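> Sequence plus predicted model, see below.
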Amino acid sequence: MTDSVFYGETEARDCLVENECLKVNSPACRERSAIQIAYFAKAGKDPLPKSEVKIPIHKIKADASYGGKITYRNLKFYNYKSNKTFCGTQQVLFRLNRFAADYIPRAKVLSSSFENIH
């Protein structure tokens, strides 16, 4: 991935009340991440599933494919001032897919900038 910009929370709030997502289950209450680190597996799912059994596509249920190379270049990250949003949900720069295979290769982040980051 190259030449991309990621914004954390801004003055435009997802909810009106601080820590609202800690009290109610609202559609606005979603954990956020700028990048979910890529991973490599021996199998995958079609990007456009034809049945409900194949949803969600990020649950591939396949073994890791040892190898692969992940390089992120010239990325810009802004306003990840806290690991919690005003609404109370988590926000992070990088996240792993909890349904990924056990092996995820090292990711390189090159020539990138981080501004107003906790």
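All right, it came through fine. The shown structure was predicted, so the numbers you read here are calculated from the model rather than taken from an experiment.
> Identify the bridge partners of residue 72.
Beta-bridge pairing of residue 72 under DSSP bridges involves residue 109.
> show me where the chain has helices.
Taking DSSP state H, the chain contains no helices at all.
> all strands of it, in order?
Using DSSP state E, the strands assigned to the chain run over residues 2-7, 32-36, 70-80, 91-95, 107-110, 113-117.
> Out of those strands, flag the one nearest residue 14.
Of all these, it is strand 32-36 that lies closest to residue 14, at 9.4 Å by CB to CB. C-betas here are computed from N, CA, C, even on glycine.
> With adjacent residues omitted, what lies nearest to residue 69?
residue 105 (6.8 Å; CB to CB, 6 or more residues apart in numbering).
> With residue 41 instead?
Of all residues not flanking residue 41 in the chain, residue 62 sits nearest, at 4.2 Å (CB to CB, 6+ apart).
> residues contacting that neighbour?
The neighbours of residue 62, taking CB atoms under 8 Å, 6 or more residues apart in numbering as the test, are 41-44, 101.
> that older thread, kindly present the strands of the chain as a markdown table, with separate columns for mean pLDDT, distance to residue 14 and mean neighbour count.
Below are the strands of the chain laid out as a markdown table (pLDDT from 0 to 100; distance: least, CB to CB, whole Å; neighbours: other CB atoms under 10 Å):
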| stretch | mean pLDDT | distance to residue 14 | mean neighbour count |
| --- | --- | --- | --- |
| strand 2-7 | 96 | 13 | 12 |
| strand 32-36 | 93 | 9 | 17 |
| strand 70-80 | 96 | 14 | 16 |
| strand 91-95 | 94 | 11 | 16 |
| strand 107-110 | 96 | 27 | 13 |
| strand 113-117 | 95 | 18 | 11 |
